[in-house]
Each structure stands twice: as structure tokens, then as C-alpha cells.
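A.B. asks: just coords:
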């Protein structure tokens, strides 16, 4: 295990001269802590007394207490510092002029999870756009990509499926830190705000979260541990179906199921209980909330045995196809709304590509589908590598 220092710790230990005397804002949540669990707002307040003048919260709320999608948070006053907390997942997801009038520099300290549909990166992108519009500076306090900075997987988002779970044509598993993404959004996609990234120390692209010295704090309620983050780039697809993705259990995204699933049939269709780098273990569970609340569901837990070989997006597409083919009379695609989109199928917004739904329904070869987006992945890698900040 390698000692890794977050951008927050680097910032506090060696603050850049450009923040001296400036009014500071901070976009954060409970995962915004140093290695001793001191929260960013307290550290910044102590380092720059009286200069932290506003706080901002992403989806799931300032305390990461909101469980599901489209559950909004209100503006509030922080009980620790007595300053305003503006919700960027409430009446608006785009910062207003009023929200930015209190600050000169916006600090962003959020733990991303390496997946295109995770909304924190789009809250960040809206902040970059607002900073450009209102003449503010943005500083990203970088954190690890918990599923590594090498593997990239999945199709690029199609322009017809732009939404709050996908604003830019990047793959499902994007392979960048939040600081690298900020540079990609800002430079390649021409937001062109005044942006600075405070680097981590000790992080390498081949590291998973468990390879660092940092301790996991759930960035949102249903990613309770690093393994849930590893499976998330695929397992999030179940949100677009009537199959439970494990919300309302102690192992969201690691387990999935529904009352109509027959595990033996799924294993037979897959040709066994193994996927590259993972083993499927049949389970039964009763969600305490969300889909199938209080009903017995049957399905699987994904045990990741080799995270290097494991391909989350490919694996869940194989599982989804097996469930669809074996449960056609009961399986359903979830209907809108989903993340403020009221017309398109949620699964199409999640995958960013309607041909995937068709491939599942038509029992097309998933390997052929995966091969079809190889060229766009290569193009993405050529572009994204220009914004790599770590070896």
C-alpha cells in the first residue's frame, strides 16, 4: 500500500499564493476529508480564517443523506461554521449569479467514482461554466479515481442522449481523476474558465482505491465500499430496468435481483457462474426500500476475484441479456422520468446508446457490440491522455 495525499492535503500544506485574501467557496460532501477525517470546510476555515464564505453540495445532499435519484436538497446554513450552503441538486443544478456573488474562488473537493453517469462530474462542469460566466476562479482538489486510471470501457455517450447523467462524449468507465476530467471539460470541450488543479501526491494510474493509504468514505449512500465502486460502471444499468440494483440492502450494486429471476437458468445461459475476473454467487434478499420493497428477490452477488481482468460494463451487459432472454414475460425497461429527463428510456440515458437496448432484446453477441465501439474508444484515449496529470 502506498501513502497517497489528496489534493486537499496538498492545498492545506502548501496553499497557492492566488488564494491569499480571496473569498473562498467550497463544493463538498462528507467524503471531503483528509487522512485524519478532518473535513475540508474546517481545515480551510482554520487555514484562512473568515475567508470561507459559502458552501455548495452535490446530489445526495451536504450530508450525503438522500438515498435516490431526483430527491432534492434544500439550501441551508452549515451548523459548524454558520455559513450558507447552496444546494446544486435542488431548485437548480446550475449555479446562479447569486450563489457565486459571495466568493472569488470556488474550491471543489469531491470523490468521483470513475463512471460517466455519476452526477458529481456534471455538477463540477456546471460550476466551470458558471465560473466562466461570472468571472470566478475554480480550483479542483484532486482525489483518486477509485477504479484506476488505466482501464477504459464502454461506448461513448451519443449526442442524442445528453442529460444530467451524461453531458460529454466519454465512455462509461472514463479512466480519469476528477481533476483530469475538469481539464478535459475545460480545454477540449472549450469551457475555458480560469481553472487550477491541485495534484495528489503518491497516486499512480495503476492504483485502485484499496492500493492507496486513504480510507473510503461513501461519496453517496449506495456506494458503501470500494468494491461497490468497482462494479458500479456496469451494475448502474439495472437502474433502467425493473430489476433491483440492490438499493435498500447492505450491498447495493454488488447484488442484484428480482422475484422473477431463476438463477439456474441465468447460469445456464451464461455457460457457468464465472465472468472474466468475477464469480457469481446466487443470493436471495428483501430490499427495505426502492424496487421490490419487502419482497423476496433472487439474483446474484458479484464477487470480484481479479479487478484487473474484471470488466464491469461488459459483465453487466452479459447479465442483462441473460435476464432479458430468460424472463421476457416479467422483465421490463423502466419508464421515464430519470434524472430530469421525461421522455427517453432511462436505460438509454444510462448506456448513452439505444443500440445497446436493441442488442439485448435481439440477443446479439455482446462481444461484437463491444468491438463496434473500439475505434471511438481509441480516439477518446488519444484525446484524454493529453490531460493526464499522473504517470
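C.D. replies: Cool, the structure landed. What you see is a predicted model; the values in this text were computed from it and never measured.
A.B. asks: residue 283 belongs to a helix?
C.D. replies: No. The assignment for residue 283 by DSSP: H, G, I helix; E, B strand; the rest coil gives strand, which leaves it out of any helix.
A.B. asks: residue 41 and residue 85 touch, don't they?
C.D. replies: No. In this structure residue 41 lies outside contact range of residue 85 using Cβ atoms under 8 Å: 9.5 Å. (Each C-beta comes from the backbone N, C-alpha and C, glycine too.)
A.B. asks: need the residues touching each of those two.
C.D. replies: Shared contacts of residue 41 and residue 85 (Cβ atoms under 8 Å, 6 or more residues apart in numbering): 55, 78.
A.B. asks: tell me how far the residue sitting nearest the centre point of the chain lies from residue 250.
C.D. replies: Of all residues in the chain, the one closest to the mean position by Cα atoms, centre = their mean is residue 118, 2.8 Å from it. Taken as Cβ to Cβ, to the nearest Å, the spacing of residue 118 relative to residue 250 amounts to 21 Å.
A.B. asks: what's the answer for residue 277, then?
C.D. replies: With Cβ to Cβ as the criterion, residue 277 and residue 250 are 23 Å apart.
A.B. asks: show me what contacts residue 137?
C.D. replies: Residue 137 neighbours (Cβ under 8 Å, 6+ apart): 18, 22, 104-106, 131, 193-196.
A.B. asks: now with 7 Å, please.
C.D. replies: By Cβ atoms under 7 Å, 6 or more residues apart in numbering, the contact set of residue 137 is 104-105, 131, 194, 196.
A.B. asks: let's see if you can find the most crowded of these.
C.D. replies: With neighbours defined as other Cβ atoms under 10 Å, the most crowded of the contacts of residue 137 is residue 131; it has 23 neighbours.
A.B. asks: give me the nearest residue to the most far-flung residue of the chain relative to its centre, chain neighbours excluded.
C.D. replies: Farthest-out residue of the chain from its mean C-alpha position, per Cα atoms, centre = their mean: residue 21, at 33.4 Å. Leaving aside its sequence neighbours, residue 21 sits nearest to residue 51 (Cβ to Cβ, 6 or more residues apart in numbering; 7.6 Å).
A.B. asks: on that earlier part again, more neighbours: residue 277 and residue 250, which one.
C.D. replies: For residue 277 versus residue 250, neighbours defined as other Cβ under 10 Å are more numerous around residue 277 (18 against 10).
A.B. asks: correct me if wrong: the more buried one contacts residue 304.
C.D. replies: Yes. With contact taken as Cβ atoms under 7 Å, residue 277 and residue 304 are classed as touching, separated by 6.3 Å.
A.B. asks: shared neighbours, these two?
C.D. replies: The contact sets of residue 277 and residue 304 overlap at residue 310 (Cβ under 7 Å, 6+ apart).
A.B. asks: and the helix or strand hosting residue 323, which residues are buried?
C.D. replies: If you go by DSSP states H and E, residue 323 is part of helix 312-326. Of the residues in helix 312-326, those scored as buried under the neighbour-count criterion (16 or more other Cβ atoms under 10 Å) are 312-324, 326.
A.B. asks: which strands or helices does it pack on?
C.D. replies: strand 153-156, strand 171-173, helix 226-235, helix 263-270, helix 354-361, helix 366-372 (3 or more Cβ pairs under 7 Å, 6 or more residues apart in numbering; DSSP states H and E).
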